[in-house]
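In: sequence unknown, structure follows:
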């Protein structure tokens, strides 16, 4: 049952990228307001500032400041003071909101020169505009620091699919915790490499451990040395991190200067702009071809030969027809040791029970929630693969893509020669320096990850846990020897040793009983929270599948894991290669399901909502997302406007169009075909919304987003 209502009332911009001042004090509407119980469509040309607006809005909602090295990108970029903008001024953006009838405004000010960002909050009856991010308490509890939640409500259609593919970020799991309010409970326990509050309590108890009895001096000494070693590793990590941050700032400045050169030249040379676009597309095509060739070359069937490979495919075909356990977790191995006479590999358990002990001790290392899709994907790939590769065709395809890229790059270089010699030399030096810093950045990032990464796959690939494991069950199969653990560089593995030493030490003192109680409490909470989350996920899955099934192309069952959505076809097989529209449909289905689950009526703001969908899927998008939220705001381009014509022509929506003073409505250009000039303003007429860029022609439209 909905008990609260949040609405976005309006926004203001000043010196933000291509926006001089909106609403414009001289032209267009004087007050920019959104429909409170319906949808508002904002039609904006690509590269005007849609994406920047989304970033600023997320920052205002969460109170999280944006990366310092990105702040320069929000400055006013037109350089036209006669249009009303100031390229040297600070950037200002504000959003006016209402929460249960209380009206408040969050404003952010960016000093891009000094790389600082600050917030100001206005609340009625609270002494007006005050420094700091201080919204109503309920709003803060919903959004403060909750980027994963905000990303789902302030959603960029072009990158929505990346939320599901960025499995290391656990965006989906975090969003579920945040929208259901469980995040405040989850901070009691250890999650995602972060210590919970109960672990903090155990650390306090550790300080008095052994007070009522004889301390185990060897463990004390080992714990001291482990913490000393951890401090060293933290220092090394921080040193590399500082060096990495400085390098990235330098790299960002160089890229920004290169971008300024290109922006300046593109604005005065249409051929150059086309050449840059052609080069980027050719490079993307070449990259895709290279990945495809590597995939083909690593096909194991080529090494085994046709006859043997057919036998391999037949074997894996029988495996697919078999069944993996549905919930393949550590409990599977627990049940295996208790109920079966032999191991999963077919080897009978030894009478001494050593095998069972080993399996139970290491069960969490064998398997996790990703095992099912990984095994199914591997089996399917084997069965569907070919055992031969035509190297000649692969080479011909690569040569064609490489030639196209070289030609496009050559065309771009030729047009650059028209620049003044001083600019050419500067640009060449910047490009060389960018390449060098890119290489240095990758090396530094790898070194930083060696110390700081908690990613299991990375740790195993780099063998970072090699010095952690032992066969000593009394020590929980983890080393306690300083001369061994001093060789460990990765902090998560050092912490594993530290926690084990602490556990062993706690067993020797008066505080041991309290510590054991805290540990039991943590284990009970972890299990309880896991069960609650599982129930919530199941309920969300039902709602999500109901929403997503309305989208064409979503002909599979969707389940939720901690880090991503999993797609299963009618045969029960995991689909790893879901098409883009199907994956986007699933993400939108999840967003709609989360909104319905929440106890607050929330708005949604979507940038380029139809990116990845064909024109024929616009109605399905409207049925799933458009009907799933009480308030919606969509930042669209003119192509999406045409795709949604069936909606805004038939229903009462609030419609706005962004355009420049000298811009012709039908072409989106100045008279004569040049780029639009003059101060920007907002028009709220249906006629302008309908006619904007109507003469451009669908075949020439960019249906993607951009700024």
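Out: Yes, it's here. This is a predicted model, so every value here is computed, not measured.
In: hang on, residue 343 packs against residue 354?
Out: No: applying C-beta atoms under 8 Å as the test, residue 343 and residue 354 come out as separate, 12.0 Å apart. For glycine as for every other residue, the C-beta is placed from the backbone atoms N, C-alpha and C.
In: pLDDT (mean, whole number) over the longest strand seen in the chain?
Out: Secondary structure of the chain per DSSP state E: the longest strand is strand 4-16. Here strand 4-16 scores 91 as its mean pLDDT.
In: Which elements pack onto it?
Out: strand 19-22, helix 50-62, strand 91-99, helix 137-143, strand 600-601, strand 603-607, strand 631-636 (3 or more C-beta pairs under 8 Å, 6 or more residues apart in numbering; DSSP states H and E).
In: partner strands of that strand, parallel or antiparallel?
Out: If you go by DSSP bridges, strand 4-16 pairs up with strand 19-22 (antiparallel), strand 91-99 (antiparallel), strand 600-601 (parallel).
In: Lowest average pLDDT across the helices and strands packed on strand 4-16?
Out: Across the helices and strands packed on strand 4-16, the lowest-scoring stretch is strand 600-601, with a mean of 80.
In: just how off-centre is it within its chain?
Out: Offset of strand 600-601 from its chain centre (C-alpha atoms, centre = their mean, to the nearest Å): 24 Å.
In: And the contacts of it?
Out: Outside strand 600-601, the residues that touch it by C-beta atoms under 8 Å, 6 or more residues apart in numbering are 2-6, 142, 630-631.
In: so how many other residues sit close to residue 696?
Out: Residue 696 sits with 16 neighbouring residues when counted by other C-beta atoms under 10 Å.
In: can you pull the contacts of it?
Out: 638, 667-668.
In: What's the local residue count around residue 311?
Out: Residue 311 has 10 nearby residues by other C-beta under 10 Å.
In: give me the element it is part of.
Out: helix 306-321 (DSSP states H and E).
In: So between residue 343 and residue 354, which is more surrounded?
Out: residue 343 (16 against 10).
In: Tell me the spacing between the residue lying closest to residue 123 once chain neighbours are set aside and residue 119.
Out: Spatially, and ignoring its direct neighbours in sequence, residue 123 is nearest to residue 104 (4.5 Å; C-beta to C-beta, 6 or more residues apart in numbering). As judged by C-beta to C-beta, to the nearest Å, residue 104 and residue 119 stand 12 Å apart.
In: By mean pLDDT, point me to the weakest helix or strand of the protein.
Out: Least confident helix or strand, the chain: helix 160-165 with a mean of 51, by mean pLDDT, DSSP states H and E.
In: distance between the helix or strand hosting residue 286 and the chain's centre?
Out: Using DSSP H and E, residue 286 falls within helix 270-297. Offset of helix 270-297 from its chain centre (C-alpha atoms, centre = their mean): 24 Å.
In: And stretch 130-145, by the same measure?
Out: Distance, centroid of stretch 130-145 to centroid of chain: 23 Å (C-alpha atoms, centre = their mean).
In: still on that earlier bit, residues of the helix holding residue 286 that come out buried?
Out: 272-273, 275-276, 278-279, 282, 285-286, 289, 293, 296 (16 or more other C-beta atoms under 10 Å).
In: helices or strands up against that helix?
Out: Helix 270-297 sits against helix 217-268, helix 391-416, with contacts defined as 3+ C-beta pairs under 8 Å, 6+ apart.
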